[in-house]
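Peer 1: mind folding the following:
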Amino acid sequence: MSTRSTDTSGGSRPVTSVGMDELTPREDRSEAARSAGAQLNGRTNWFQQHPRVVDLVVVLAVFAYNLPIQLGSVPDGLWPGTGIVLSAGLCAPYLMRRRYPLAVFAVIQLVAFMQVLLGVELLVADALLLLAVYNLAVRARWYVSAGAALVLIDWLLVAVVPTMERDHLSIGDVGVLVAVIVWAWTWGRLVQTRRNYVGSLRERAEQLEREKAAEAAVAASTERTRIAREIHDIVSHSLSVVVVMSDGAARTVDTAPEEAKTAMEGVREAGRTALADMRRMLGVLRDGEPGSHAPQPGIAQLESLVADSVSAGLPVSFSVDGEPGLVKIPESVDLTVFRIVQEALTNVRRHAGPDVTRVDVQIHHRPDAIDVSITDDGHGPADPGNAASPGHGLVGMRERVAAHGGTLRTGARPRGGFEVVATVPKGAQA
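Peer 2: Predicted coordinates for the structure are as follows:
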C-alpha cells in the first residue's frame, strides 16, 4: 500500500509501496541514507550511482553459472527444462528487491519450496535466498526479516536433512549453513542501523543549515534595524544643523555678509560630515565601499559635535568628569554615548523653542558605567504648545541604551526645560 510522509525540509514525498504495512524503512529512505553516507564519506562510486545495473549483473551471473549445473539436478521423469524454470524463478524476482523486498523474498522462497517438492537438488541459484534475506534485513523491521530468516532455515533443514547421508553432510555442515543464514540477516541489520544513523546525521545537518539560515536572517534584520537607526540619527542631526545655520545665513546675508558666509561654511561642513557618515554606514552593505571600515564616532568626537551646535546658535556647555579607567570602552558603548548626545541636541534644536538660554551636556565616567546628562531650559517634545512631533529619536535612544543593559530617563524638568539622563554600562552587560 502507498502512503505519504513529510520530510524535514518541509515538503512531502511519496513512500514507495512494498506490499506490507510493517515495512517502514522504505526504499527511498534507505536509498537516501545510502546517498547521505556516500556524501558524508566524501565519495560516490559507479556502483552507488547505478544500483539496478549491479542487480542485473548479479542475476545474470548467477543464472548463467547455474545453467550447466541444473541439468544434473533434475530427477528422472521431470521435464528437462524444469531446472531452467526454477533457476529463472529464483533469479528474476531479485531484480525487484529494492521496490518490493518482502514480496521478492516470498516469491523466491516459494520457488525454493517447489524445488524441494519436485525433488530437485540444491542449485547455485538458491544462494539468492541469502541475498533476499539480507536485502529484507536492510529494508524491513527486525521482526519481519527475522521471520523470513527462520523460514529460510526451516526450508534449509527440510531440503538438506533427508539427504545428509547421500550428500555426505554432517551436523556441523548443516550448522555452518544455518550460521551463514544468521550471518546474512545480522549483516543486513547492521547495514540498516548504519544507514538509519547516517540518515539521522543528514537530517541533523539539514536542521542545522535551516537554523543557521534563520540566525542569519535574524542577524540581517537586526543589522538593518541598526543601520536604519544610525541613518536616522545622522540625517536628523545634520539636517537640523543645516536648517538652523541656513536660516541664520538668510537673515544676515544683507546686514552681516561675513557672518552669513561663516554660517554657510558651517552648512558645508555639516553636509560633508553627514555625507561621510552616510557613506560609512552604507559601506557596511557593500564590501569595498570607500569608508566602509572608517571608525565610528564616539566620546572623543563630542567636542566637535558640541562646537557644531554652538556654531548653529545653540548655547551649549560641555563638561567631562571622572576617569575612563584602564579598561578600554567598548566601541558600541562609545558610539551609543555619542548618538545619545547627538539626538538630544537635535531634539533641543527642534523642540526647545527660541527662548532656550542654556543647554548642558555632561559626561561622567564611572568604573563600570558612563552617565550621560543633557538638560535645557526651553520647551520639551511633550510641551502642548509645541506642535512639532517628537519623532522616533527618543525611541531609538531607549533601544540603544536597553541593548547595553542601561537605563534612560527623559522628560520635563521641575523648574522648566527638558532632560535626557542615561546610564550605559561598559562591562559585561555592554
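Peer 1: in this structure, where's the longest helix?
Peer 2: Longest helix of the chain, by residue count under DSSP state H: helix 171-252.
Peer 1: ok, then the element right after that helix?
Peer 2: Counting by DSSP states H and E, the element after helix 171-252 in chain order, helix or strand, is helix 257-283.
Peer 1: what's the following helix or strand after that following helix?
Peer 2: Criterion used, DSSP H and E; the element after helix 257-283 is helix 302-311.
Peer 1: the inter-axis angle of that next one versus helix 257-283?
Peer 2: Using axes from the mean of the first three to the mean of the last three Cα atoms, to 10 degrees, the direction of helix 302-311 lies 140 degrees away from that of helix 257-283.
Peer 1: list of residues touching helix 302-311?
Peer 2: Residues outside helix 302-311 that contact it (Cβ atoms under 8 Å, 6 or more residues apart in numbering) are 241, 245, 263, 266, 269-270, 273, 297, 316, 318, 320, 337-338, 341-342, 345, 349, 359, 361, 363. The way it works is simple: take the backbone N, C-alpha and C, and place the C-beta from them, glycine included.
Peer 1: which positions within that helix qualify as buried?
Peer 2: 302, 305-306, 308-309, 311 (16 or more other Cβ atoms under 10 Å).
Peer 1: related to what we said a few turns ago, which helices and strands sit right next to the longest helix of the chain?
Peer 2: For helix 171-252, the packing partners by 3 or more Cβ pairs under 8 Å, 6 or more residues apart in numbering; DSSP states H and E come out as helix 27-40, helix 127-139, helix 142-160, helix 257-283, helix 302-311, helix 331-351, helix 393-403.
Peer 1: quick one: distance of the second one to the chain centre.
Peer 2: I take that to be helix 127-139. Relative to its parent chain, helix 127-139 has a centroid offset of 39 Å by Cα atoms, centre = their mean, to the nearest Å.
Peer 1: so which bits of it are buried?
Peer 2: For helix 127-139, by 16+ other Cβ under 10 Å, it's 127-139.
Peer 1: nearest to residue 251 among the buried residues of helix 302-311?
Peer 2: residue 311 (15.2 Å; Cβ to Cβ).
Peer 1: quick one: residue 189 and residue 144, what's the gap?
Peer 2: 11 Å (Cβ to Cβ, to the nearest Å).
Peer 1: try residue 181
Peer 2: Taking Cβ to Cβ, one finds residue 181 at 15 Å from residue 144.
Peer 1: next one: residue 172
Peer 2: From residue 172 to residue 144 the distance is 30 Å (Cβ to Cβ).
Peer 1: for residue 138, same thing?
Peer 2: When distance is defined by Cβ to Cβ, residue 138 is 12 Å away from residue 144.
Peer 1: residue 352 too?
Peer 2: Computed as Cβ to Cβ, the residue 352 to residue 144 distance reads 83 Å.
Peer 1: which of these two has more residues huddled nearby?
Peer 2: Counted by other Cβ atoms under 10 Å, residue 352 and residue 144 do not tie: residue 352 has more neighbours, with 23 against 19.
Peer 1: looks to me like residue 168 is in a helix.
Peer 2: No: applying DSSP: H, G, I helix; E, B strand; the rest coil, one finds residue 168 to be coil, outside a helix.
Peer 1: next, count neighbours for it.
Peer 2: Other residues close to residue 168 by other Cβ under 10 Å number 8.
Peer 1: list the contacts of it.
Peer 2: By Cβ under 8 Å, 6+ apart, the contact list for residue 168 is empty.
Peer 1: so how far is residue 160 from it?
Peer 2: 12 Å.
Peer 1: for stretch 79-87, list the C-alpha coordinates in CSV.
Peer 2: Taking Å, rounded to 0.1, in the frame of the first residue of the first chain, the C-alpha atoms of stretch 79-87 are listed here in CSV:
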residue,chain,number,x,y,z
TRP,A,79,10.7,-32.1,-17.9
PRO,A,80,14.3,-31.3,-18.7
GLY,A,81,13.6,-27.6,-18.7
THR,A,82,12.3,-27.7,-15.1
GLY,A,83,15.7,-26.7,-13.8
ILE,A,84,15.8,-23.6,-16.1
VAL,A,85,12.3,-22.6,-15.0
LEU,A,86,13.3,-23.0,-11.3
SER,A,87,16.5,-21.0,-11.9
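Peer 1: distance from stretch 408-418 to the middle of the chain?
Peer 2: Counting by Cα atoms, centre = their mean, stretch 408-418 is centred 47 Å from the centre of its parent chain.
Peer 1: may I see the buried residues of that stretch?
Peer 2: Buried residues in stretch 408-418 (16+ other Cβ under 10 Å): 408, 410, 417-418.
Peer 1: try stretch 314-333
Peer 2: Those would be 314, 316, 318, 324, 329-330, 332-333, for stretch 314-333 by 16+ other Cβ under 10 Å.
Peer 1: show me where the stretch 1-150 of the chain has its helices.
Peer 2: Remark: helices assigned in the stretch 1-150 of the chain by DSSP state H, counting those that start in this stretch are 27-40, 46-49, 51-70, 82-91, 101-117, 127-139, 142-160.
Peer 1: tell me which of those helices sits most buried.
Peer 2: Compared across those, helix 127-139 shows the largest average neighbour count, a mean of 24 (mean count of other Cβ atoms under 10 Å).
Peer 1: ok, residues contacting that helix?
Peer 2: Identification of contacts with helix 127-139 by Cβ under 8 Å, 6+ apart yields 18, 23, 25-27, 30, 58-59, 62, 90-91, 94, 97-98, 101-102, 104-105, 108-109, 112, 144-145, 148-149, 152, 155, 180-181, 184-189, 191-192, 195.
Peer 1: which residues are in contact with residue 188?
Peer 2: Neighbouring residues of residue 188 by Cβ under 8 Å, 6+ apart: 133-138, 145.
Peer 1: for residue 320, same thing?
Peer 2: Residues in contact with residue 320 (Cβ under 8 Å, 6+ apart) are 299, 302, 362-365.
Peer 1: ChimeraX command to pick out the buried ones of these?
Peer 2: Of the contacts of residue 320, the buried ones can be selected in ChimeraX as follows, counting by 16+ other Cβ under 10 Å:
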select :299,302,362,363,365
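Peer 1: with pLDDT and distance to residue 176 as extra columns, can I get the contacts of residue 320 in JSON lines?
Peer 2: Shown next, in JSON lines, are these (pLDDT from 0 to 100; distance: Cβ to Cβ, whole Å):
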{"residue": "299", "pLDDT": "88", "distance to residue 176": "86"}
{"residue": "302", "pLDDT": "90", "distance to residue 176": "90"}
{"residue": "362", "pLDDT": "93", "distance to residue 176": "94"}
{"residue": "363", "pLDDT": "93", "distance to residue 176": "90"}
{"residue": "364", "pLDDT": "92", "distance to residue 176": "90"}
{"residue": "365", "pLDDT": "90", "distance to residue 176": "87"}
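Peer 1: having no further points to raise, I will conclude here.
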